[in-house]
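[1] Here is a sequence together with a model predicted from it:
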Amino acid sequence: MDPSEQLSVSNQGHLSDALMRHVIERSRDAIMVVDAERLILLDVDQNVCQMLGYTREQLLGQALANVECSLLDVFFWEDLKQVALLKLSRVAETEWMRSDGSSFHVEKRVSYFSENGKNFWIIHAEDITRRRLIEEQQVQLVSQLQSSMDATAEGILAVDLSGKVINLNRRFATMWSLPEEILVGRSTDATMAYLRSCLIDGARFSASLDEVLLVPQMETEDLLALCDGRYFVCVSKPEFLRDRLIGRVFSVRDITAMKKVENDLLAARDAAELASLEKTVMLEALQVSELRLRRLLNSSLIGIMQGDIRGHLTEANEVLLQLLGVSRSEFMTTDHDWLALTAPDSYANYQAAMLELHKHGQAAPFEVELRRKDGSTVPVMVGLAQLEGSRVEWVGFVLDLTEQRKADRIKADFISMVSHELRTPLTSIRGALSLLEHGVGGVLPPKIMDLVKIAHKNSQRLGVLVNDLLDMEKLASGKMAISVDRFDLMAVTYQALEANVAYAQTLGVQYRLTEHPEHALVNGDSNRLMQVFANLLSNAAKFAPAGDFVEIRVVAQDATFRVEVVDRGRGIPLAFRERIFSKFAQADGGDTRQQGGTGLGLNISKTLIEKMGGEIGFESEEGRGTVFWFTLLAGAHRLSDK
């Protein structure tokens, strides 16, 4: 063999300056220099040694196959040998084998270098075990959050202003027995038409919906009687984002049991009034009816009361007395004012209900805090109805909401546990390991120091994971804090392209920034915007044809800047477009390059952009490609700006 073609192990530390500069300029993590013909390790850095558990001397001269343990690597290197000159880096995932026999996932970036007739492969490697663990944990968290929503006792339906169903929980679908085509279509018109068909008086419900269209900011509450004999209370409220109306939320509760008690009570009262008209002859029947009515009241599972126009209670069943914490004798000998039994914060709800009672003869159920004799309060739902034939007496039904409130606190308790029981001890652990790593506890043997570094890195990983769990829950519940500051959109755009270029290269795709201004000052959260860029850029790269490029444009508009991400892929199917921004939305397709995902990226991007005061959307034509765009409010220029 020609001496110029030989590179002895003893001279492996004396590579040319040009090659060393090439390695340093492209280095980011662990670095290997490999003989391109024999696939022999010529040089490694300290990161490789730490990742594999070998010394540099043990690795030099070893075959690359002793490190890589994935069968796909055989085909990877054979494919590279067929290329005469590799101008761009190749990126692939593989598995490396540590000295203890354990394997771990690695992302490698391979580049070519030639000097003095010798060909080299330069490998930049990154341990991606953490990335995979975070992805698995995020999928598990999303599943837990959806389960929490499905566990609520109320049926929830959320729609946007364009007539699309944004979300509904399992309880809503079960209460209404929604057909499969309604669930898949996600059309508000089709959904409301189906709900009307289930009602005895669908026209009244339609009138309420029409009123909402005329006054979008109003709140509604309707008592719905279903054809199958059930009764629902449907409450709808507008949904706002920074004082901008973005949709409406419908909450449906089944009150069939309460309505049955009310109907039974009215029937018993009618029987008592009829008996009183028959005077003496029907006196005994009247007494029997009154006793029957009292048994009915006392056997009810909810509190029942009767009062006059001034708000004084004249009758109450045992359930209500227990809620108030008073005995029957105390109730009979003491004047009880219903307003005095409720917390001051509930006065407005009570006064509104009394006005509705006088006007319509009944009032829709409302929630108040009920004061007990011992000073404690109980959350209850109250429904009022005027007694037939009387303008000064009414009957009320009181439902204890304590258990429901406990269920609502479960989710908050979980977040509190994560925040205080995990984050605080993790901070202490990270601090202690950092002190050890920096020599506060004295000089540690190399092996122990390696273990300390591994433990420190893992504790940092757990800290990030805990914070991600908290952020995901806040985003799903609408409590995510967005820091709106003024920043240069172009700087963030360049940073996002640099951060995502490696992923595009694995798919044979490039990013190309075309139309853009030199600077673009906007208002928003630059960190959250990086997350939006990552979702849109990776999504476009997945669907762009191999060998093609994804185009990014930044366009100045009146008071905003519009960012467009353009691919020339197969486009978005018509059937999928209505739910593309929904949670877990994924279109069916045969694109074998499409990577897996949770279907949350576009939904999260939409939420973040709207919280920053912008808008997001898309334009697509099947077979020609897709343009995803978003806008951000332009920031005001200042004298200090260059």
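    Sure, I can see it.
[2] C-alpha from now on. contacts and neighbour counts both.
    OK.
[3] which residues does Ala544 contact?
    The contact partners of Ala544, by C-alpha atoms under 8 Å, 6 or more residues apart in numbering, come to Val509, Val550, Asp567, Arg568, Gly569, Arg570, Gly625.
[4] Skipping adjacent residues, who's closest to it in space?
    Spatial nearest neighbour of Ala544, chain neighbours left out: Gly569 (4.5 Å); criterion: C-alpha to C-alpha, 6 or more residues apart in numbering.
[5] Pretty sure the one you found sits in a strand.
    No. For Gly569, which was evaluated using DSSP: H, G, I helix; E, B strand; the rest coil, the result is coil, with no strand membership.
[6] That one is in contact with Asp548, isn't it?
    No. Counting by C-alpha atoms under 8 Å, Asp548 is not a contact partner of Gly569; they are 9.3 Å apart.
[7] okay, those two: which has more neighbours?
    For Gly569 versus Asp548, the count of surrounding residues by other C-alpha atoms under 10 Å is larger for Gly569: 22 against 16.
[8] mind checking how far the more buried one is from Val509?
    Gly569 sits 11 Å away from Val509 when distances are taken as C-alpha to C-alpha, to the nearest Å.
[9] okay, and the common contacts of these two?
    Common contact partners of Gly569 and Val509 (C-alpha under 8 Å, 6+ apart): Ala544, Pro545.
[10] Just the buried residues of stretch 95-106, please?
    By neighbour count on 16 or more other C-alpha atoms under 10 Å, the buried set for stretch 95-106 is Glu95, Trp96, Met97, Arg98, Ser103, Phe104, His105, Val106.
[11] of the residues you listed, closest to Lys237?
    Proximity of the buried residues of stretch 95-106 to Lys237 was ranked by C-alpha to C-alpha; the top entry is His105 with 48.8 Å.
[12] what about the closest one, helix or strand, and which?
    Using DSSP states H and E, the secondary-structure element containing His105 is strand 103-115.
[13] What strands flank that strand, and is each parallel or antiparallel?
    If you go by DSSP bridges, strand 103-115 pairs up with strand 90-97 (antiparallel), strand 118-127 (antiparallel).
[14] Test my guess that Gln320 contacts Val382.
    One thing to correct before we go on: residue 320 is Leu, not Gln. No. Leu320 is not in contact with Val382 according to C-alpha under 8 Å; the separation is 11.4 Å.
[15] Between the two, which contacts overlap?
    With C-alpha under 8 Å, 6+ apart as the test, Leu320 and Val382 both reach Val398.
[16] who's more crowded, those two?
    The residue with more neighbours, out of Leu320 and Val382, is Leu320; 23 against 20, by other C-alpha under 10 Å.
[17] Look at the more buried one and report its pLDDT.
    pLDDT, Leu320: 80.
[18] What separation is there between it and Ser376?
    15 Å.
[19] Kindly report the same for Ala340.
    Taking C-alpha to C-alpha as the measure, Ala340 falls 13 Å from Ser376.
[20] next one: Arg568
    Applying C-alpha to C-alpha, one obtains 65 Å for the distance of Arg568 from Ser376.
[21] what about these two, which has more around it?
    Neighbour count, other C-alpha under 10 Å: between Arg568 and Ser376, Arg568 has more, with 22 against 11.
[22] No more questions from me, cheers.
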